[in-house]
Each structure stands twice: as structure tokens, then as C-alpha cells.
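1. no FASTA, just this:
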């Protein structure tokens, strides 16, 4: 997933200072008030984000106390009551003092003991108008005592009046056990209505009605009626139904995994039509006509639909016949000229006919932000026509704005867009949310060209030639499924795209995207996104996804399931070093894809600190953005800064994310700087600098030690009067060429932003016995195709190529390599391809040392573990011929799910359609090319099966690098396999020492024909 903003990254959690309490999005927190003697503020955390200096900010939605609302405290609101406002804000995470729980009122009344951290909320509140939703509450109980929310009371579901338990003949304990309550008068009314089948029409007002009328005059009307509130609560819901989808309708298919029925067959068309009609009939019979909007019918790999309904209609759908599962839609976010050489791909291409044949016959599907069809990376070459038969694929080209019919040119074989979810969830901006497969962002184009872009495309930015770019599988075909828009991305659109991609017949499915958070109220493996990926895998599609950009903290992966390959990101050995040359000859290294200052860096120019060049009589505010950070040209004196080298400081604005490099460049152009230097500020420490093309000479100096060298020189050469005002600028400097690549860096190094394991099975982050990430691939500073619109990254506007980072950039590397493996081994299943990459991955860098990982502190490194790099860096040369593979199929995954601790067979059947007829003794028996045990007590026997996929018999010897505190043995320790032969392995793990964390090792199977098969071990020994 690509980072949403340069220099920013989303975090999964934040640990409150001085505690071990972790705060995550959705949690409610107590925040430090402005006045020390005031009660803490209460807020709901919407998002957690860190900048380059690891300064953590939280976006919150405030709760208001009754006394803080317009009109002050009202007598019918309790002391622990809060109003959820529409007031959002961004605060430093350090202001969080603790966690709290904001209950529904119904749940609050059931609490045995109300603690200081317990609150409740019944109303939404608009501070700007004083309006509330819903608009009223009853004021009197049946006993006509004043309504007091701090006392236990129960509400009638029909008339909505409130009652003390004693007034309806029960005690407090009995009231707490109630799930539903209807008062006696309403029961009587319902009985009368049933007997007469008509409403009362005699005009008499019953005593209860009189009391309601009396109460009406004392009730408080706050905003608008309750059904309007319900309409405000409309949302998108994903519904799974009983019955097989098209792909798995034929019973014989279940025993022959990977064989898809032809989507154009009459049988498939009839089944699809039947399912769509059944979806429509269910909705028509369950919900009122006109009250809902069906967005999609899912019919190929999953039987279900997406619908836009009100909150009150959800219960009706859940209880409708044939409905298995209802899940609320969640938001989805977007989570290379040198990497082919770095990964050794030319050698792979040679084995399959060279770059003019690499990937031939394979179709890679991309669910993303679309594609830029005019880019040379996706051009059709008439001198090298495609010769392969892709009759298994049947896509189409949907024309639309900026996407003509000719966009599908043979390289791009299909292009569709899915926007029903986005249109239902938000108001789209027609100028950027383009309703076609065209990519207005750049992300989708970058991903597609990394996996399957044409060979040898010149990378030219601002007139400078950076080299040539090639996709991993340059002859693979591209199928585009746009489901992410600049304004919003919905899971609904993504799932519709996945369903269509599998129907069309893609071989590889690339998901450089993912949900914002794990699914609620279910196992991570049983969320709707995971179910669709499992169905795609069952249909024979290799699914690869980004693990997320929320590292380097643990339990941050967004890839959970063993049936999808989760990819982590690393850097390569390439960097773009820049140099600032000072007047005394000192050379200070920095970062910036910038050409040299005028004179090729040989001519030096006056060096000016921005703070010394502000307009003395300016009317602008004296804040860092104006006086230090070069964000506003009106703050600087043109006479001083023109034709000068201006020093800007990384200060408060950059620290809190309000200042940008784009603003510095605009200021430099407006005031005709000769160049700019952005230096680290000792107050904020080192910052992380990523190379970005500058349209003016510029350089970033991210380390405070280097910044101090510059400032010492500047102060030595600058003359000031008694007031500190500069009288003469004596310092000089020049910027050297910063666009020439160096290939000397240590690599790979696991990127800081790349999400880390362990994998987990629920929102509580309960560890799961699955290794995530699966594999490591280049994802840091990757050159690839871009969209000149670049609506989310203005600094890249107008460019056809971009150098960006993210696990989104790593994912297509693995997709392209999978295409090459599939091309050479067309009969291999997705799990065999995954195993080939995993068991042949390398654990060492280009210096022969163990792979290192970036930590929280800038420029800090520590040894990487499998929870960061998975099996290691993908090695396509060795993956093409792995020797042995570990294979798993759909039934194996069902057995895995059924063997999970506290698994519910009914929920598994509902989610997957399969049964728990067969199960493993432990989840660790799933035939993965790794062993992960999150809680090892005593001894455990783990089973694996390997298959010889080479064309010769081979003998293997087993060796073990023991994890600390665990003894591991493999039986048999030696075995010989003929081609196509299988061998059962029994792996015994025994706790020798109890530890307080995971320890790591590996099993190495060394073959007589030089095949080496590695299995990572990740074990937490908890008891002897």
C-alpha cells in the first residue's frame, strides 16, 4: 500500500506514555485538557499517523459533555453521558492520558459496576448549531418520578418510554438480563390490534395516551425526527448467501481445483442470471421498494451482493432466508528501472526466451486506481506482436473519459471500472474521480508497470534521463480493474472487481491495496476481503497483496490469510546522493533528485538563512512556516534572497505536516532563488528524506550533525550588528548534481514503513500460527510509470514516471515473478508458486550479512526477523527451479480454519460454504513452507509434505538452526524422492527454555543436485 502522503505513514497503534496500554483507531481515549483543573476531554480515535521524525498525531472525533453543549446541562442527562459530535481535530498523541469506554445506553445499564472509565452515549451533537440526533427523549417514568439516566432504567421498544425496574415488577438484576422489553400497555395495544385487525377509531384518548400528551409538553425537542436520523445512518453492507456461485456450481469442480467453467458457456450464463434474479427477489421480499439501492451482485466466486441501506434495515436482512453473513463495508486505501538487475531477472528471462518472451501468455489483473493507457510502458509494439494464446481470458474494454476504445491495445487486454460503492459512500469530484479505467492518481500505473511494463522504456523526468525501466514480466498482458478513487475507496468496489477479475480469467491477481482495519466481530481470516481471496485461490488464481505501511511496530500486518501472499518492502543498493559544497571546501551529503546549481556546481552563491531574510515590516504571522520554512514568498525580502542559496529549516510546520516541499519550490521559483537547502533542526532531530524530483536546484540535509556543519560555517561567515541584524553575508555555497545513481548501498534493508508480524486472528491481536509477511521484495524508491494528473501527489504533477515507496511497490514485483514461474510451470497451483518463492528466498544482503531492518529512530538498523521479512528476499532465479514444494488446497485451508482455537464450525460454514468434516490437530499442520507456533507448551508434532517438482531423483539431508529455547528434530533426517514423488516430514518441537517472546530458526533441506529448501521457524516457548 503506497503512503497516502509523502513523509507520513499510518500507524496501527500508539502506546500511551508511561503505560503499556495500546490505543488503536476506534478506541475512546481521555485527553489532557487545556486547563489543568478541568475534566479530561473524551474523544474517539479515527486515525493514528507518524511523520518522518516519528512524531505521532491522532485524528479524533470529540465527545461533548452535556454541560459543554449549547444551553448547558439539561436535567435529563446523566453525569456519565456524552454526546458524539461532528467536531474532528488533530492532536499530538502525547496528550492522551488514558483509555475509556463509551457504551450504548442499553449496554451501560447492564454494567455490574460502573467504573471511572465508563461513559455512555445516546445522541449525536452538532456544536455549530446545537442540534441533536435523535430529537427527543421521554422525561417521565410510569411512576411519574423525574427521569434520571444515572439510575438503572429500561426502555419500551414500542412506545420508547422509560421505566424503573420496580415500576414493571422486576428487580435491577432481572432488568440487566433483558435483551428486549415491551411495556404492558403496548402488549395490550398489540393484542387489540391483532384481534380487530384495524386501528382504534372511536376517538377516545386512553390514559396512556393522555400521559404521552402531557409528557410531550415537557419533552425536549433537539433537532429532527428519528427516521431522519436513520437515514443519516445509511451505509453499504456486503451480504453472503446460501448457494454456490458460478465458478463452483458444478460439483465435479470441487474435486478438481483450479479448473474454471467457461464464463461464456450457456451453463455459466444461466447460473449467473439465476443468482442475480435471486438477489433481487430477496431484496424485494425483505425491504420496502425504493428504500434500498443494490450496488452489485457477486456471482462468480462468491454468491452475494452489496446494498446501500439504512441501519434499521440491517436486522431485516440478517434474518432473511438464505442470508449467511452481513458485513458493513469498510474503507480501502492504496497501500522500476533497476530492480530487474538487482533481483537477477535477466538470467530468468534467458531461461524462458529472453525479455521479448518473459511473461508471454500470462494475464495479470490489477485491482487499483486504474491505468494511464497512453504511457509507453503499456504501448503495443507492432514489431514484436504477441504470439501466445490467451483464450482462457475473456475481458472487455469499457470506454469512458480519457479512456478510448483504442486504450486496450493488446498489451492492455481488458479495462473495467467499479464505482457504485464510491458513489454511494461519498460525493465524487468529477474533475478527479474519473468514471473510467483512467488513472488520475498514478498508483495503479506504477503498480502495473512494475509487474508487467514493457522492456527498456526510457525514464525521463524534467528532461533528465534516469535509465530504462522494465516490468518483472515485460510480455505479460495487463487487465485493469479500477476500484479506488481519489476521494474514496470502498471494499464493495474492490470485491466487485475481484469477482470480475476471476470471472475474466486472470492468472495473477495483484492487490496493492487493503482495508483500513481488520474485520469486526469475526476472525481476520473470515472477513469479506479474505473470503473473496480464498475463493479466487480456489479458482486457481495466484493472489498477492501488500502487507501494509504501518511499520515498524509489531502486529501491524494487513495481510492475514495463508491463501494470499503478503509482501513486505525493502530498499535496493541504489541511491541518489546529493552534495552541498560550502565556500571553505567542505562537502555535506544530502538527498534530492536535483540538477546542480547554475554553473554545474562550480560557481558558488551567497548563502542566506531564511530567518535572516524576512521582511522587517511584514504583516504576516511570526510563525515557523513564514520565518524559517520558506513556505510563503511574501515573508522574504526579494532583494536578499534573489540569486542566493537559501537555507530553510525543518521546523514546526514540517513536524506537524502542514508545511511541504512543494511550497518551498514555489517560493524558490517566485523569488528566483539560485537554490534551496532544507536542513534538520536540532529541536526536532533527524528527519527522513526521500528523493523527489525538484524543478529547481535543491537539497535536503536530514541529519542534525550535517546541519550543524552548515550552520557553523554560515555563522562564521555572516556579519551582524549589535542588534543581531545581518550586515554582510559572507558565506558561499553550491549544489552539486543529485540525479546520478550510486549502486553502493547495503541491500536489502527492510523498510521502516513496511508492516510487521506476528500475524493475528482478531481485533485483540491474538497471534496466529501463520507467518506474515510471506516474502520480501523491493518497494523503496522504485521508478515506474505514473499519471501526470497525480491528484494526490501535486509535487509529481506533470511527470510520466515517479520514484516512490510502499509495500504497494513491492507487491507487483512478486506478481511479475509469479507470472514467470507460472509461464515455465503452467500446471502449478498458486500454493506451489508461493512455496517456490518462499523456500528459495535469501536471508542475507549483498555483503553476505543477515538482512537488517530499519527501526523507529531515523537511520537506526537492527537484525531483521521473519516477522519483518518473511522467508527473505525473493530470488526469481532459484524460485524457477525450487526442487521441492509445499502444496495446500482449498480443503486444507478449511481444515486450518476448523482447527483454530475457539473456532466455530457454523461461522466457518457460513463464511466459506465448506464444512469442518476434516480438521488438523493444530493449525500448524497446514502444509506451509514455514512453521509458526504462537504458544508452544511442552512438545508439539508438526506435519509437512514435500513434493519433488524437478525432473530427476534427488536425495535430501535435513539440518536445523535451532530457535533459542526450543529443540527441533526432523524425521526422516534423510530421504530420496523421484520426480513427482511426495515425502511426509514429522517435525518435533520441544520447549527447553521458557522465553518472553518469539525465537527464530530454520530447517534447511539440502539436495544432492544442489537444491536448497529453507523453512523459517518462529516459535514462542511459553511452558516446559
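-> Alright, I've got the coordinates. All values derive from a computational prediction rather than experimental measurement.

2. And stretch 390-398, how far out from the chain middle?
-> 29 Å (CA atoms, centre = their mean, to the nearest Å).

3. Okay, buried residues for that stretch please.
-> 390, 393, 395, 397, 398 (16 or more other CB atoms under 10 Å). For every residue, glycine as well, the C-beta is placed using N, CA and C.

4. what residues does that stretch touch?
-> Applying CB atoms under 8 Å, 6 or more residues apart in numbering, the contact partners of stretch 390-398 are 263-264, 361, 363, 405, 407-408, 412-417, 436-437, 477, 479, 504-506.

5. please redo it, this time with the cut-off set to 7 Å
-> 263-264, 361, 363, 405, 407-408, 413-417, 437, 477, 479, 504-506 (CB atoms under 7 Å, 6 or more residues apart in numbering).

6. what does stretch 885-895 give?
-> 257, 534, 538, 562-563, 829, 831-832, 835-836, 912, 914, 918-920, 926-929, 944, 946-947, 949.

7. do the same with stretch 104-124
-> With CB under 7 Å, 6+ apart as the test, stretch 104-124 has contacts from 42, 63, 80-84, 99-103, 132-134, 152-153, 176.

8. just to revisit the earlier point, now flag whichever of the buried residues of stretch 390-398 is closest to residue 158.
-> Checking the buried residues of stretch 390-398 against residue 158 by CB to CB gives residue 398 as the nearest, at 49.8 Å.

9. what about the helices in the stretch 1-150 of the chain?
-> Listed in chain order, the helices of the stretch 1-150 of the chain (DSSP state H, counting those that start in this stretch) span 105-109.

10. cool, the stretch 451-600 of the chain as well?
-> Using DSSP H, counting those that start in this stretch, helices in the stretch 451-600 of the chain cover 491-504, 528-538.

11. and the contacts of stretch 104-124, which are buried?
-> By 16+ other CB under 10 Å, those give 42, 63, 80-84, 99-100, 102-103, 132-134, 152-153 as buried.

12. and residue 942, that one's in a strand?
-> Yes: the assignment for residue 942 by DSSP: H, G, I helix; E, B strand; the rest coil puts it in a strand.

13. show me what contacts the residue nearest to it when sequence neighbours are not counted?
-> The shortest distance from residue 942 to any non-neighbouring residue, by CB to CB, 6 or more residues apart in numbering, is to residue 987 (4.3 Å). Taking CB under 7 Å, 6+ apart, we find residue 987 in contact with 931, 942, 944, 968, 970.

14. ditto for residue 580
-> Listed by CB under 7 Å, 6+ apart, the contact set of residue 580 reads 588, 590, 677, 699, 701, 710, 733, 735.

15. now do 6 Å
-> 588, 590, 677, 699, 733 (CB atoms under 6 Å, 6 or more residues apart in numbering).

16. and the third one, helix, strand or coil?
-> Secondary structure of residue 677, reduced to three states by three-state DSSP: strand.

17. Was I right to think it contacts residue 646?
-> No: in this structure residue 677 lies outside contact range of residue 646 using CB atoms under 6 Å: 7.1 Å.

18. buried set for the host helix or strand of residue 932?
-> Using DSSP states H and E, the element containing residue 932 is strand 931-937. Neighbour-count burial for strand 931-937 flags 931, 932, 933, 934, 936 (criterion: 16+ other CB under 10 Å).

19. now do stretch 846-861
-> Residues of stretch 846-861 classed as buried by neighbour count (16+ other CB under 10 Å): 851, 852, 853, 854, 858.

20. Not counting sequence-adjacent ones, nearest residue to the second one?
-> Nearest residue to residue 852, sequence neighbours excluded (CB to CB, 6+ apart): residue 861, at 4.5 Å.

21. Scan the protein for its longest helix.
-> Scanning the chain for the helix with the most residues, using DSSP state H, yields helix 266-286.

22. Now tell me what touches whatever helix or strand comes next after it from outside.
-> Of the helices and strands lying after helix 266-286 in sequence (DSSP H and E), the nearest is strand 293-298. Strand 293-298 has contacts (CB under 6 Å, 6+ apart) with 276, 279, 304, 305, 306, 307, 308, 420, 421, 492, 496, 499.

23. Okay, the last one and residue 513: tell me how far apart.
-> Separation of residue 499 from residue 513 (CB to CB, to the nearest Å) stands at 15 Å.
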